[in-house]
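Undergrad: using only what follows, build the 3D model:
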Amino acid sequence: MDLTKGNWPLTYKAILNHIYYKGKMVAKSKTVYGIYFEINPDQVLILSEKNWKWAMVELFDRFNPNYKNPGYSHEYRPHWAAKLEKEGGQFIYNYNDRIWPALDHVVSILKKNKHERHAVLNIFDNSDIDPALGISRIPCTLSLHFFVNDNKVNLQVNMRTNDAVNLLIYDVFHHSMLQRYVASSLKLELGLYRHFSSIMYYQKKREERGYINKLLERFNDTPYLIGPTPEFHILMRHSINMVSAEDYESTQCSFFDDFININRSLIKDKLLRPCGLRFFRDVFKQGEI
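TA: The predicted model follows:
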């Protein structure tokens, strides 16, 4: 199914509709195959009741150069805490191990020649399916391909599978923020965010309990950005309002300063001090509703 160049909330609604009407039962899930869409990467905050506190800390865990397994995100989502306990106190697999070491190489490739075609960040590795290693947690993300077109940084994300209800909105958020980082590092504008998933699904029980219908109705009432929870914006508002219009001197410093300030505040469950969220300013200001 091709959903090119759509507004993200409306595209997401179309995905849910497609699974609802065209999906076939595979085990306990309603499933469709070959979903592709293109969206504006500025429009990535949707579904107000979802776990945006967890999403931000998970983003920090993925891109923190000083990450130590298991990080902090499991403290904000019970399902992740259960996984951690099952895996002996450290996650068997985490994205940080493969994202952060390769991130500088991706930026470096495009800094040398913005027309290069091999700025690819591989997440999936053949060792993930080696039965001799006994690994039980296989990455859903296969690769992220960054390329420049018309002086804009585009991102092509390739997924082997997506849970449309539990994880898709966070995958789009996390990957588009990485696209924003690369674009800022290169001092270029954001282009399109492209996403291909071989398999898209949601658990059938979501439909049976009426959750999917309620979700679709909400998009009918609010066809544009729904935004994270009000509590999330209370957390962010003090910093966003203090941001000046001046360009930041160092993309990397701004990026990780924001992460560190957000992370500390979330962990302590306190409001951010008015330090200024420079890197995330344009993303979070859109969600004021």
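Undergrad: what is the least confident helix or strand in the protein?
TA: Of all helical and strand segments in the chain, the minimum by mean pLDDT, DSSP states H and E falls on helix 230-240, at a mean of 41.
Undergrad: so where do the helices sit in the stretch 51-200 of the chain?
TA: Under the criterion DSSP state H, counting those that start in this stretch, the stretch 51-200 of the chain carries helices at the ranges 52-63, 78-86, 96-112, 168-185.
Undergrad: quick one: closest of the ones you listed to E217.
TA: helix 168-185 (17.2 Å; CB to CB). From N, CA and C alone the C-beta is placed, and that goes for glycine too.
Undergrad: give me the pLDDT for the residue positioned nearest the centre of the chain.
TA: By CA atoms, centre = their mean, the mean C-alpha position of the chain lies nearest to H174, the distance being 2.1 Å. What the model reports as pLDDT for H174 is 91.
Undergrad: ok, now P223?
TA: P223 is assigned a pLDDT of 45 by the prediction.
Undergrad: and L16, by the same measure?
TA: Confidence score, pLDDT, at L16: 94.
Undergrad: could you give the number of residues near the nearest residue to Y33 once chain neighbours are set aside?
TA: In space, not counting the residues next to it along the chain, Y33 is nearest to I199; the distance is 5.9 Å by CB to CB, 6 or more residues apart in numbering. I199 is flanked by 17 other residues according to other CB atoms under 10 Å.
Undergrad: how about L178?
TA: 21.
Undergrad: how close does it get to L190?
TA: Counting by CB to CB, to the nearest Å, the gap between L178 and L190 amounts to 11 Å.
Undergrad: my guess is the residue nearest to Y33 meets D163, correct?
TA: No. When contacts are counted by CB atoms under 8 Å, I199 is not listed as touching D163 (9.8 Å).
Undergrad: how about stretch 62-78: buried residues?
TA: R62, F63, N64, Y67, P70, G71, Y72, S73, H74, E75, Y76, R77 (16 or more other CB atoms under 10 Å).
Undergrad: export the residues you listed to TSV and append columns for distance to T11 and pLDDT.
TA: Written out in TSV, the entries for those read as follows (distance: CB to CB, whole Å; pLDDT from 0 to 100):
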residue	distance to T11	pLDDT
R62	23	84
F63	25	76
N64	30	74
Y67	31	81
P70	33	88
G71	30	82
Y72	30	78
S73	26	81
H74	30	83
E75	31	79
Y76	26	76
R77	25	82
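Undergrad: now those in JSON lines, with distance to N113?
TA: Converted to JSON lines, the buried residues of stretch 62-78 look like this (distance: CB to CB, whole Å):
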{"residue": "R62", "distance to N113": "27"}
{"residue": "F63", "distance to N113": "24"}
{"residue": "N64", "distance to N113": "29"}
{"residue": "Y67", "distance to N113": "30"}
{"residue": "P70", "distance to N113": "38"}
{"residue": "G71", "distance to N113": "34"}
{"residue": "Y72", "distance to N113": "37"}
{"residue": "S73", "distance to N113": "35"}
{"residue": "H74", "distance to N113": "40"}
{"residue": "E75", "distance to N113": "42"}
{"residue": "Y76", "distance to N113": "40"}
{"residue": "R77", "distance to N113": "40"}
